[in-house]
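*Asks:* what shape does this take:
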Amino acid sequence: QVQLVESGGGLVQAGGSLRLSCAASGLTFSRYYMGWFRQAPGKEREFVAAITWSGGRVYYADSVKGRFTISIDNAKNTVYLQMNSLKPVDTAVYYCAANRGSSYNSGEAYDYWGQGTQVTVSS
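*Replies:* Model prediction:
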């Protein structure tokens, strides 16, 4: 049974930083994309960042490029999202997800999802 558990969300002032973690278990297929998505109130879910399980390729939405960094620790089966220079528009519930090697930025391609962690950035 696949489980993705996010942690690290919270309240931070604009310009601050947070690091989200996603602990994965039960993933038996190595060729996964691990992704981060977010959904703000009243808005559709949007792609934030993705990484291949090997860590060899990373992808970012234009809105976070240069501010967010996705990484993976294979020994710990954990994916991280380091978020710097946070802005109020980054306020959302952030979700970790896994998909078996198809599109990295389409939510519909992802097979497994975590429960989400709230990130709130105050101005």
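*Asks:* how about the helices in this protein?
*Replies:* Applying DSSP state H to the chain gives no helices.
*Asks:* residue ranges with poor pLDDT in it?
*Replies:* The chain contains residues with pLDDT under 70 at 29-30.
*Asks:* please name the residues that touch the residue most central in space within it.
*Replies:* Nearest to the geometric centre of the chain sits Trp36, at 2.2 Å (CA atoms, centre = their mean). By CB atoms under 8 Å, 6 or more residues apart in numbering, Trp36 lies in contact with Leu20, Cys22, Val48, Ala49, Ala50, Ile70, Val79, Leu81, Tyr94, Tyr95, Cys96, Ala97. The way it works is simple: take the backbone N, C-alpha and C, and place the C-beta from them, glycine included.
*Asks:* try Glu6
*Replies:* Leu20, Ser21, Cys22, Tyr94, Tyr95, Cys96, Gly114, Gln115, Gly116, Thr117 are the contacts of Glu6 under CB under 8 Å, 6+ apart.
*Asks:* what is the neighbour count of the fifth one?
*Replies:* What it means is Tyr95. 23 (other CB atoms under 10 Å).
*Asks:* what's opposite it in the beta bridge?
*Replies:* Tyr95 forms beta bridges with Phe37, as assigned by DSSP bridges.
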